[in-house]
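1. sequence isn't available, so here's the structure alone:
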């Protein structure tokens, strides 16, 4: 037990993957009409919320609390505080038929997570990462709003827009953190290749954070503001296309084509490419050319879940003293997630229960591949 709660990535990545496989199977049974639950909740809202506040919230807690120790040079959050945080998260997922209990558990989870992150950052005066805390606080507030709306405390609240806000906040977090770690890990890997004598093209290292990155993040914030506050479609489509171009330019500056020999590196680039694709698909949906569901699942399955698997695998290896090497099961998981995203996009555009079930099967198989490889590492001793 002490080992499981020695680092936040251990329990949260473990339970997040197991829960997401179970929840998606439950969802497809409900959606197909093969399972009817006696509850007051909207099945669609439950599905959207628990994918965000289930798998993705667990991944955020696991990554941020693990990374904050590196950012601040302080001991990792571990032991009883971590165990209590995990308990609140788990209670929120298990209280599926009791929305009031789920709301209370989620509220305590986000409150404690914010307190723990703030304590670490403020103690070390790590101002550089205050923006990460700001996103976590914003996610907390959005979840509070969702539960208030679901419990009809705010009957006029548009729950769909709250769910979209949660999704885009996670995308923004990937923009901030992913935009830092992807070029850093890529640069480190390229330097290692050069150190062993591999001939690389001139100026092969990823471009450092600069104005292009600032522009891409800034345009994303403005684009999302336009979506959530329902600006005119003409303005929002223009912003979406501008955001897509800036994000694509940002991705190209990281020179993904030089990493194709190492899946542990290129899979992060692939995850970010899905983020760029999701922005384009959302823009097309605003222009009336596509269902917004296609964009939602490009972001949730293709970008966010793939990034969770990519970064989770790297954290599990690095923090347990193992070599940073990929494994065929991890590579398979990433490929299957991309196939699941593509299949779900087809289901959103062409319709058909078969496509939906195929996407579900690919999702479960992808996370099963990850679990088979990494559960023993997450619960096992460090090397």
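-> On my side now, so go ahead. All figures in this text were calculated on a predicted structure; none of them were measured in a lab.
2. and the pLDDT at residue 199?
-> Note on residue 199: pLDDT of 65.
3. what's the answer for residue 297, then?
-> 96.
4. next one: it from residue 330, what distance?
-> 22 Å (CB to CB, to the nearest Å). The way it works is simple: take the backbone N, C-alpha and C, and place the C-beta from them, glycine included.
5. residues near residue 106, how many?
-> Neighbours of residue 106 under the rule other CB atoms under 10 Å: 25.
6. and the residue nearest the centre of the chain?
-> residue 304 (3.5 Å; CA atoms, centre = their mean).
7. quick one: residue 239 from residue 282, how far?
-> Residue 239 is 11 Å from residue 282, by CB to CB.
8. go on, residue 290?
-> Distance from residue 290 to residue 282, counting by CB to CB: 9 Å.
9. look at the two and report which has more neighbours.
-> More crowded of residue 290 and residue 282, by other CB under 10 Å: residue 282, with 28 against 18.
10. I'd say the more buried one and residue 292 touch.
-> Yes - look at residue 282 against residue 292 with CB atoms under 8 Å: they come within range, at 6.5 Å.
11. ok, residues contacting stretch 85-105?
-> Stretch 85-105 is contacted from outside by 5, 8, 11-12, 15, 19, 23, 37-41, 46, 50, 53-54, 57-58, 61, 106, 108-109, 112-113, 116, 147-148, 150-151, using CB atoms under 8 Å, 6 or more residues apart in numbering.
12. what of stretch 354-361?
-> For stretch 354-361, contacts defined as CB under 8 Å, 6+ apart pick out 24-25, 27-28, 31-32, 297, 301, 340-341, 343-344, 346-347.
13. go on, stretch 326-344?
-> 262-264, 267, 270-271, 274, 294, 297-298, 301-302, 305-306, 309-310, 313, 355-356, 358-359, 362-363, 365-367, 369-370, 372-374.
14. could you do stretch 272-290 as well?
-> Contacts for stretch 272-290 (CB under 8 Å, 6+ apart): 171, 174-175, 178, 182, 220, 223, 227, 233, 236-237, 240-241, 243-244, 247-248, 251, 254, 256, 291-292, 294-296, 298-299, 301-303, 306-307, 338, 341, 345, 349.
15. next step: the residues you listed restricted to helices.
-> 171, 182, 220, 223, 227, 233, 236-237, 240-241, 243-244, 247-248, 251, 292, 294-296, 306-307, 338, 341, 345, 349 (DSSP state H).
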